[in-house]
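**Student:** please work out how this folds:
(2 chains)
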2 protein chains.
Amino acid sequence: MDERAALDVVGGLVDAAGDDTAVIGDTMLTIDMLHDETDFPAGTTPYTMGWRSVGASLSDVAAMGAEATATVAVYGAPSFEAGPLEAFVTGASDVSGSVGAEYVGGDLDGHQEVTVATAAIGTTETPILREGASPGEVVCVTGALGRSAAAVRYFEQDDQKQANDLFQFSPRVAAGRALAPKATAMMDSSDGLARSLHQLAEASDVGFAVDRDAIPVDPALVEVAGDQVVHEAMTFGEDFELVCTLPEGVIDSVRSALSIPLSVVGRVIESDAGIHLDGEPIRDEGWTHGRTP
Amino acid sequence: MDERAALDVVGGLVDAAGDDTAVIGDTMLTIDMLHDETDFPAGTTPYTMGWRSVGASLSDVAAMGAEATATVAVYGAPSFEAGPLEAFVTGASDVSGSVGAEYVGGDLDGHQEVTVATAAIGTTETPILREGASPGEVVCVTGALGRSAAAVRYFEQDDQKQANDLFQFSPRVAAGRALAPKATAMMDSSDGLARSLHQLAEASDVGFAVDRDAIPVDPALVEVAGDQVVHEAMTFGEDFELVCTLPEGVIDSVRSALSIPLSVVGRVIESDAGIHLDGEPIRDEGWTHGRTP
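**Tutor:** Numbers count the residues shown, from 1 in each chain, chains lettered A, B, ... in the order given. Here you go, the predicted structure:
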C-alpha cells in the first residue's frame, strides 16, 4: 500500500485529516518528518536542513491562510556535534523569523538515519480548506515551480552552494494571509502541482483545465535542465508554493496585496470533465513518500 | 557529544528550551520522536506504538500543569498496511481521548526504521516550570516507577500481552492539573527520577534529600525482577510520571484532589548540599537517547 492509499485508511479514522494542518478552534497544528534518504541529498548543510524541515511545517500553516506562531523540531542523528547542531537551530530559527513565527525549541534523538520531525502552530478564525472550489473560478499558483527539482540537479553536480540556496525556500505565509480573504480552496504544492490539483479536485468535487504555457517554471530549473521541464516542474514536488482557487474577478486586487507573483494557470471545471493540461489528462503523479523501500 | 551536552548547545540558542514543552502565550507545544531501535522492543503492537508515542507528548503537556487539547503524529515505516495503521491510529486516538484531548491526524513517511513523531498542544495561563523549587519544600512523585522497566523484561520473556499492557501508560494530565495550583516546579520522569531530580535541581538551583523507602516502585517490576529494584526504578526512565515540588503543608489537600497516589519521596535542600538518596549521592544517570550508536 503506498502512502496515498494508506492516508485514505487513516483519513477514515480521524475526522480532521485531509487538510494541510489540523484545525482545532482557531489553532492550526501540523507535524512533518523528513529524513536523509528521501529529503536531504548528500551536500545538504545542517543550516539548510533546519530551514527546510521547519519551513515544510510553516508551509502547511501558510496553506490554511493562517498566521504562523511557533515552531519546534526534533533532530535525530547518530551523533551530535556543536557546530552542525547550532547551524540546524539557526536555520530553524531563521526560517521561522522570516515569516513572523518563533522557533521555540525541541528535542534530540539518537537515530541511525538523520531524521528531523517538525511541528508548527498558527492562528486563523477562517482557515482555507481544500474543499470549496467551484466551476467557473480560476486556479492559481504562487511563485514558481521546480526550484527543488533544480536544487537536486545541482546537488548531483556537486554545486552545493547553488543547491543549498535553492533548497532554502520561502514559506508562503504572507501570501497565504493575502489570499485567504478571497481564496475558495487552498493547499501547498509539496507533492507537486499535479498531485495538488488531484487533491483539490477530490476535496472540492471539481475538475481543472490547465494551460501549459501558464505554468510558472523557476528559471533555475530551466537553466540547469533546459526548457522542456513543465512536466518535471509539475510533478517533482517539494516546492512549497500555494495552489488556490479564486473567483476570476478578484485576481487584480489579490495581486496588489501580494509581494510575489501569482499565476493564473487554469480554470475550475465540472468534476466529470476531469483534470487536464491543454486537453491531455494530468496523471496523479508526484511526490509519494511511500515509494521508498 | 551525548544528548544532554548537545541539548545544552541547543538551549543556548533558543530561549524557550529547557521545559517539558515550549510556552507560547497560554499555548503549550511539544514534539517527540520515538523509533524501533530504542523505543519499541520486538513485540510492541502498533496499537501500543500509537498509544505510547502520543502519550509521551501528552505527558509533556501534563508536566506543565496544562489541559491537553490536541495531538498529531507522523508514522514512518518501510511499508504501510491497513490493519497496523488502523491500530496505530486507534491507539493514538484512545490515549488522547483518555485525557480529554483529540487526536486530529497527521502524516505518513516512508522510512526504513519504524519512526514515530508526535506533537501535542495544551493550554494553561500558569504553566509550571522546572524552576521554582525552594529549600524546605517536599519533592513528590505520582503513581509508581518501573513500569516500563518491567515491560521490557516481559518483552524479553516473550510475554507480549503483559508487556504491551504495561507499555500503555496513563499520561498524568489530570494529576498535573490538580498539582498545578500548588506545585512550585514540575516535570515528567521520562528520563528517570534520578535525571529528573538533577534537572529540577539545576533549573531551580536547589538540592534534594531523597528517602529510598519512600520511592514508589511499581509492583510489576518487583514481580518480574525481585525487590532490589529501587535503582532500576529510579534510572530506567520512560515512565511518564510527574515529579514535582510542593510546600509540605499542602500535601493533604493536594492528595484529596488526586485520583492517583502521590508519594513524598524527599525534601528540597540547598543546592550546595547536593542530591542524595539516604545520604549517598544520586548520579545523573538515566535515559539518554544520544547513547545509541
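**Student:** now stretch A:36-53: how far from the chain's centre is it?
**Tutor:** With CA atoms, centre = their mean, to the nearest Å as the basis, stretch A:36-53 stands 16 Å off its chain's centre.
**Student:** end to end, how far does that stretch reach?
**Tutor:** Its start and end residues considered, stretch A:36-53 measures 11 Å (CA to CA, to the nearest Å).
**Student:** residues in contact with that stretch?
**Tutor:** Contacts with stretch A:36-53, where a contact means CB atoms under 8 Å, 6 or more residues apart in numbering or on different chains, come from A:32, A:34, A:73, A:75, A:83-85, A:87-95, A:113-118, A:152, A:155-156, A:158, A:160, A:163-164, A:167-169, A:238, A:289, A:292, B:110-112. C-beta: built from backbone N, CA, C; applies to glycine.
**Student:** out of those residues, which are buried?
**Tutor:** By neighbour count, with 16 or more other CB atoms under 10 Å in any protein chain shown, the contacts of stretch A:36-53 hold A:32, A:34, A:73, A:75, A:84-85, A:87-95, A:113-118, A:152, A:155, A:160, A:163-164, A:167-169, A:238, A:289, A:292, B:110-112 as buried.
**Student:** ok, back up a step: looking at the contacts of stretch A:36-53, which are in strands?
**Tutor:** A:D32, A:L34, A:A73, A:Y75, A:T115, A:V116, A:A117, A:T118, B:G110 (DSSP state E).
**Student:** counting neighbours, what do you get for A:I260?
**Tutor:** Residues within reach of A:I260, counting by other CB atoms under 10 Å in any protein chain shown, total 15.
**Student:** I meant to write A:V264 there.
**Tutor:** Neighbours of A:V264 using other CB under 10 Å come to 15.
**Student:** kindly report the same for A:H276.
**Tutor:** With neighbours defined by other CB under 10 Å, the count for A:H276 comes to 16.
**Student:** next one: A:E270
**Tutor:** A:E270 has 12 neighbours, counted by other CB under 10 Å.
**Student:** mind listing what it touches?
**Tutor:** By CB under 8 Å, 6+ apart, the residues touching A:E270 are A:P135, A:V206, A:G207.
**Student:** most surrounded residue in those?
**Tutor:** In those, the most neighbours by other CB under 10 Å go to A:V206, 28 neighbours.
**Student:** beta partners of it?
**Tutor:** A:E270 (DSSP bridges).
**Student:** against chain B, how distant is it?
**Tutor:** Remark: distance between A:V206 and chain B (CB to the nearest CB, to the nearest Å) = 23 Å.
**Student:** touching, that residue and A:S134? I think so.
**Tutor:** Yes: using CB atoms under 8 Å, A:V206 is in contact with A:S134, at 6.8 Å.
**Student:** could you tell me which residues touch both of those two?
**Tutor:** A:V268.
**Student:** what about the helices in chain A?
**Tutor:** Listed in chain order, the helices of chain A (DSSP state H) span A:3-13, A:36-39, A:46-63, A:82-98, A:147-156, A:160-167, A:173-179, A:193-204, A:219-225, A:230-235, A:251-257.
**Student:** flag every buried residue along the first one.
**Tutor:** Of the residues in helix A:3-13, those scored as buried under the neighbour-count criterion (16+ other CB under 10 Å) are A:E3, A:R4, A:A6, A:L7, A:V9, A:V10, A:L13.
**Student:** residues near the closest residue to A:A180 other than its chain neighbours, how many?
**Tutor:** Nearest residue to A:A180, sequence neighbours excluded (CB to CB, 6 or more residues apart in numbering or on different chains): A:G65, at 2.9 Å. For A:G65, the neighbour count with other CB under 10 Å is 26.
**Student:** contacts only, for A:G65.
**Tutor:** Per CB under 8 Å, 6+ apart, neighbours of A:G65: A:T124, A:T126, A:P127, A:I128, A:G176, A:R177, A:L179, A:A180, A:A183, A:M186.
**Student:** okay if I get the residues you listed as TSV plus neighbour count and pLDDT?
**Tutor:** As requested, the contacts of A:G65 are exported to TSV (neighbours: other CB atoms under 10 Å in any protein chain shown; pLDDT from 0 to 100):
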residue	neighbour count	pLDDT
A:T124	19	98
A:T126	10	97
A:P127	22	97
A:I128	26	97
A:G176	30	98
A:R177	19	98
A:L179	25	98
A:A180	19	98
A:A183	25	98
A:M186	31	98
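**Student:** tell me the one among these nearest to chain B.
**Tutor:** Closest to chain B out of those is A:P127 (12.7 Å), distances taken as CB to the nearest CB.
**Student:** what residues does the stretch 101-250 of chain A put near chain B?
**Tutor:** Within the stretch 101-250 of chain A, the residues that sit near chain B (CB under 8 Å from any CB of the partner chain) are A:102-113, A:115, A:117-119, A:121.
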